[in-house]
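predicted model and sequence below, questions to follow.
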Amino acid sequence: MNLTSEEQSILAGGQGKAVQTAMQILTALGRMYGAARMITIRSVQIAGVSYDNLGEAGLEWLSEMADGGGHARVPTTLNPAGMDLENWRALGIPADFAERQFQVIDAFSRMGATPTCTCTPYLAGNVPSFGESIAWAESSAVCYANSVIGARTNREGGPSALAAALTGRTAEYGMHLAENRAPGVTIDVRARLTGTADFGALGKAIGGRIEALGRKPVPWIAGSESASLEELKSFCASIATYAGLALFHMQGVTPEADRYPPPAERIVITEDDLQASKRSLSDAGDEDADFVSLGCPHLTIAEVARIAEILRGKKTTREFWITTSRAVKLAADRLGYTETIEASGAKFAVDTCCVVAPIRGRFRVLATDSAKACYYARSKNQFKTRLMDFDRVAEAAIARLKE
Ligand code: F3S
């Protein structure tokens with residue numbers, strides 16, 4: 001790899017231990033992926049923030065990096081933590097977990113990261129522009145940044161995202177190179193899509209077909225005509241989960257789609273495929289949900305407004321977590337939505353979500369509109385799941401509802 005004299009000096013330890021470690025991580029990755037050089041980046045988003053995922057070894061490493069004098073050189077935000085940083089007791093988070101989680105946040109803060117704790121940084125002040133190079137880690141946000149915004153980022157791991165923050169650089173490979181952004185397969189969607197649950201199910205259906213190819217071509221998606229911000233964030237989370245993709249192009253919707261003709265290789269997704277995908281995301285049979293959550297990825301203010309409308313004057317009959325960023329929650333406070341929602345008994349779970357909080361085994365069945373949440377609720381938290389349309393999820397919190 002060609003390194004500038006400054007990069008060589010960092011690698012030799014000229015700017016302290018933590019930055020040296022960061023450059024070692026980046027050059028190792030760059031060599032592994034055949035990068036010719038480092039490039040500067042405009043922002044970083046770090047995942048691996050929940051103590052539930054990091055554990056003691058992760059916390060120790062972060063503390064060492066902070067003690068080693070590392071400091072972010074570009075705007076850096078954090079993924080959700082394992083708890084609401086202000087209201088963790090109301091969510092039943094144990095005090096010893098909270099203590100460790102605060103130590104994680106403290107280590108990141110000492111390194112100059114802003115503890116936004118959200119997987120939708122693009123709704124909370126960390127907003128890249130078209131063509132900009134960034135280093136983000138949360139898979140749904142990476143897919144959103146590449147596909148919907150047209151920024152350029154690989155899916156970083158926790159350590160490599162932190163390394164990018166401490167150096168202001170990343171190795172130039174993968175999604176940073178124009179040739180890797182070209183589509184390789186056309187996805188012809190012949191199904192009616194209405195709402196976030198449908199778009200999540202579509203991501204799983206496409207993911208299954210792409211996995212079956214045994215390679216990961218960038219999909220060029222035709223037939224969905226339009227998609228709201230909320231539908232796109234649901235789709236990004238799902239296709240990143242079920243196909244491991246960091247980029248797609250959607251005809252008439254995403255900014256780079258028009259640059260390319262539709263690839264000759266074609267996959268058709270029918271209405272039957274979509275319905276089969278939706279059914280596969282519900283495995284609870286007749287069992288009612290005892291846990292209801294909306295906000296995977298974190299909710300927009302429009303989604304919070306809709307929940308408030310549904311819950312107005314009602315009482316919830318089961319645990320209902322509304323997961324969003326602190327920025328959106330503050331807007332909800334000012335607009336009066338928080339009062340309406342909390343009067344119903346529903347709880348805001350800000351800074352966190354139903355996947356990264358330490359709630360393994362605490363509930364039996366999760367009702368959600370998120371295909372990604374279904375995947376992790378089953379694999380990480382051992383819940384069964386019911387995928388439902390957005391409004392039906394909120395209604396399920398106030399009544400015994402069968403699908
Ligand atoms: Fe965000 Fe948690 Fe879903 S981090 S994308 S709400 S699993």
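Cool, the structure landed. No experiment lies behind these values; they were computed from the predicted model shown.

could you look up the SS state of the one residue in the stretch 151-300 of the chain that gets nearest to the ligand?
Using CB to the nearest ligand atom, the single residue of the stretch 151-300 of the chain nearest to the ligand is Cys296, 3.3 Å away. For every residue, glycine as well, the C-beta is placed using N, CA and C. In terms of secondary structure, Cys296 is coil; the call rests on DSSP: H, G, I helix; E, B strand; the rest coil.

mind listing what it touches?
Neighbouring residues of Cys296 by CB atoms under 8 Å, 6 or more residues apart in numbering: Ala237, Thr323, Cys353, Cys354, Val355, Thr368, Ser370, Lys372, Ala373.

now do the contacts for Lys216.
By CB under 8 Å, 6+ apart, the residues touching Lys216 are Ile210, Ala243, Gly244, Leu245.

widest-spaced pair of those?
The widest separation within these, taken as CB to CB, falls between Ile210 and Gly244 and amounts to 8.8 Å.

which of those two has more neighbours?
Summary of the neighbour comparison: Ile210 and Gly244, criterion other CB atoms under 10 Å, with Ile210 having more neighbours (24 against 13).

tell me if I'm right that that one and Gly184 touch.
No. Counting by CB atoms under 8 Å, Gly184 is not a contact partner of Ile210; they are 9.7 Å apart.

and for those two, which residues touch both?
Contact criterion CB under 8 Å, 6+ apart; residues bridging Ile210 and Gly184 by contacting each: Pro217, Pro219.

tell me which residues of stretch 343-358 are tucked away?
By neighbour count, and taking 16 or more other CB atoms under 10 Å as the criterion, the buried residues in stretch 343-358 are 344-358.

let's see that stretch as PDB, backbone CA atoms only.
Only the C-alpha atoms of stretch 343-358 are listed here, as PDB (Å, rounded to 0.1, in the frame of the first residue of the first chain):
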ATOM      1  CA  ALA A 343     -50.200   8.000  29.100                       C
ATOM      2  CA  SER A 344     -51.100   4.800  27.300                       C
ATOM      3  CA  GLY A 345     -48.500   2.800  29.200                       C
ATOM      4  CA  ALA A 346     -46.200   2.400  26.200                       C
ATOM      5  CA  LYS A 347     -42.500   3.100  26.900                       C
ATOM      6  CA  PHE A 348     -39.900   5.000  24.900                       C
ATOM      7  CA  ALA A 349     -36.700   3.000  24.700                       C
ATOM      8  CA  VAL A 350     -34.400   5.700  23.400                       C
ATOM      9  CA  ASP A 351     -30.700   5.000  22.600                       C
ATOM     10  CA  THR A 352     -31.400   1.300  22.300                       C
ATOM     11  CA  CYS A 353     -33.600  -1.300  20.700                       C
ATOM     12  CA  CYS A 354     -35.300  -4.700  21.200                       C
ATOM     13  CA  VAL A 355     -32.300  -6.500  19.700                       C
ATOM     14  CA  VAL A 356     -29.300  -5.000  21.500                       C
ATOM     15  CA  ALA A 357     -30.800  -4.600  25.000                       C
ATOM     16  CA  PRO A 358     -30.100  -7.500  27.400                       C
END
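
tell me if it is near the ligand.
Yes. Where contact is defined by CB under 6 Å from any ligand atom, part of stretch 343-358 touches the ligand, namely Cys353, Val355, Val356.

once you drop chain neighbours, what's closest to the first one?
Counting by CB to CB, 6 or more residues apart in numbering, the nearest residue to Cys353 once its immediate chain neighbours are dropped is Thr323, at 4.4 Å.

tell me the helix or strand right after the helix or strand that the one you found is a member of.
Take DSSP states H and E as the rule and Thr323 turns out to sit in strand 319-324. Next along the chain after strand 319-324, taking DSSP H and E as the criterion, comes helix 326-335.

show me how far that following helix is from its chain's centre.
Its chain's average C-alpha position is 20 Å from that of helix 326-335, according to CA atoms, centre = their mean, to the nearest Å.

for this protein, what spans make up the strands?
Remark: strands of the chain, listed N- to C-terminal, are 38-40, 44-46, 76-78, 135-136, 169-171, 183-190, 218-222, 249-250, 266-270, 291-294, 319-324, 347-350, 365-368, 384-387; assignment by DSSP state E.

pick the most deeply packed of the ones you listed.
strand 135-136 (a mean of 32; mean count of other CB atoms under 10 Å).

hmm, that strand in reach of the ligand?
No. Using CB under 6 Å from any ligand atom as the criterion, no contacts between strand 135-136 and the ligand are found, and the smallest distance is 12.4 Å.

in space, what's closest to the residue nearest the centre of the chain - neighbours in sequence excluded?
Most central in the chain under CA atoms, centre = their mean is Ser140, positioned 3.6 Å from the mean C-alpha point. Here the nearest residue to Ser140 in space, its sequence neighbours aside, is Ala237; by CB to CB, 6+ apart that works out to 3.6 Å.

ditto for Pro358
Setting aside the residues directly before and after it, Pro358 is nearest to Asp52 in space (CB to CB, 6+ apart), at 4.5 Å.

nice, that's everything, thank you.
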